[in-house]
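Chemist: Compute the structure for the input listed below.
(one chain, ligands or ions: 1)
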Amino acid sequence: MQNDTSPHTNDHRDGQSNSYLSPDPDERLAAPPLYQGDADTDNTVVVCGAGGFIGGHLVADLLRQGYDQVRAVDIKSPNRWFQKFPQADNRSLDLREKDNCYAALADADQVYNLAADMGGMGFIENNKALCMLSVRINTHLLMAARDMDVDRYFYSSSACVYNAEKQDTPDVEPLSEEDAYPALPEDGYGWEKLFSERMCRHFREDFGLTTRVARYHNVYGPFGTYDGGREKAPAALTRKVIEAEMSGDHEIVIWGNGEQTRSFQYIDDCVKGTQMIMHSDIEYPINLGTSELVTINELVDTVADIAGIELEREYDLTKPQGVDGRNSDNTKIQGELGWEPSIPLREGIEVTYEWIKDQMLEHRAQEERSVFALP
Ligand code: NAD
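Modeler: A predicted model of the protein is given here:
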């Protein structure tokens, strides 16, 4: 397969934004594919974690390319998936169980493992054992992939694998792939990711399974979690700004001092980059993130500006805020693929803001309807 050599522009979205975001799944599939490389559309592709944020977008993009055998698997029942397409073979399976992994991967050519028990800082700080138990998913999927002669296996790792000592200042040096060692990753979640990506390497070296690993830096966008405790910073802060806008009470509580820095990658770049890495020759875990570094305060500024409001800020220093600074060094991905995630934060947040606001307005309308429906 060849890599996508299209330029780093986002012209796939020109005039198309409505179809990418349509509540109608068929309209979403009518948009051009984000990944423009060659596709063996007669392959059977399995997306694990398809009911989640990134998995749902990936299934959509595979269907757009014309794959007619896309198997979408998640522990949640399909009526709770963020996106569900009748064109895919949608299955509800607990992939911690070995037998389920073998069933999920029957006749599979390509496997994307995006399934994990995870969430934002509030979740991973307080659920370290649960995060580590996701190791069962990747272990059993790798064993099934090896035994069933899968052609290519993708694992979604995280920037949380990086050594904490290299992220102790907001003015951080971008993290390059070597900075994962000596190992001092995020407790719980990061250790599981580092172990699992290492396991992919040894399955490749010892058993000849073709494995590919991306280290995702924060991904955000529509059709993802924005409330309930598992949401990540961009969705959580966007929701809080909209709550302030809707209530007229223009105050916001920010976790930490607001000066911690991050880079945030829009979902379209993530879905495109994931497939480029899957079909590449890159055998080591590689960064997939933008290098547009912002403080959390600047992220709030962006959302507030889009909403057209000014906010009074309160900083809650008792809440988890993660490392002080984290950015992606994209030297390697540029060298390997001639491409890197580049959708500007402002552009991606505008789309995310519209989607979250629509969800919140719909939720409010439903609540009002159910109140009026009472006898
Ligand atoms: P998500 O929580 O929206 O999706 C994960 C999906 O996995 C969920 O739908 C969940 O139900 C499913 N799942 C959990 N346990 C399962 C099990 N036992 N069997 C089958 N399915 C199971 O998360 P996401 O944001 O889409 O992330 C996808 C992957 O990318 C994860 O591995 C995550 O760790 C990784 N990642 C995400 C980000 C990000 O910013 N979103 C950053 C770094 C890494």
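Chemist: Could you use CA atoms for every contact and neighbour count after this?
Modeler: Fine.
Chemist: and V135, how far is that from H202?
Modeler: Distance of V135 to H202, computed by C-alpha to C-alpha, to the nearest Å: 15 Å.
Chemist: neighbour count winner among these two?
Modeler: Between V135 and H202, counting by other C-alpha atoms under 10 Å, V135 is the more crowded of the two (21 against 14).
Chemist: tally of neighbours for G248?
Modeler: Burial measure for G248: 10 neighbouring residues, criterion other C-alpha under 10 Å.
Chemist: what's the answer for the one 10 residues further on, then?
Modeler: With neighbours defined by other C-alpha under 10 Å, the count for G258 comes to 21.
Chemist: list the contacts for it?
Modeler: Under the criterion of C-alpha atoms under 8 Å, 6 or more residues apart in numbering, the contact partners of G258 comprise T295, I296, N297, Y315.
Chemist: if I look at R64, how far off is the ligand?
Modeler: When distances are taken as C-alpha to the nearest ligand atom, to the nearest Å, R64 and the ligand turn out to be 19 Å apart.
Chemist: ok now the helix or strand that residue falls within, how far from the chain's centre?
Modeler: Per DSSP states H and E: R64 is located in helix 53-65. A distance of 12 Å separates the C-alpha centroid of helix 53-65 from that of its chain, computed with C-alpha atoms, centre = their mean, to the nearest Å.
Chemist: So for that helix, mean pLDDT?
Modeler: The average of the pLDDT scores along helix 53-65 is 97.
Chemist: what's the next helix or strand after that helix in contact with?
Modeler: Once helix 53-65 ends, the next helix or strand along the chain (criterion: DSSP H and E) is strand 69-74. With contacts defined as C-alpha under 8 Å, 6+ apart, strand 69-74 is touched by 41-52, 59, 62-63, 87-95, 104, 115.
Chemist: Only whichever of these are buried, select them in PyMOL.
Modeler: Here the buried members of those are turned into a PyMOL selection, burial being counted by 16 or more other C-alpha atoms under 10 Å:
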select buried, resi 43+44+45+46+47+48+49+50+51+52+59+62+63+87+88+90+91+92+93+94+95+104+115
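Chemist: check contacts around F223.
Modeler: Counting by C-alpha under 8 Å, 6+ apart, F223 touches F53, G56, F82, Q83, W355.
Chemist: make it 7 Å
Modeler: Contact partners of F223, counting by C-alpha atoms under 7 Å, 6 or more residues apart in numbering, are F53, F82.
Chemist: the strands in the stretch 51-200 of the chain, which residues?
Modeler: In order along the chain, the stretch 51-200 of the chain carries the following strands (DSSP state E, counting those that start in this stretch): 69-74, 89-92, 110-113, 152-158.
Chemist: quick check, V300 in a strand?
Modeler: No. Under DSSP: H, G, I helix; E, B strand; the rest coil, V300 sits outside any strand and is assigned helix.
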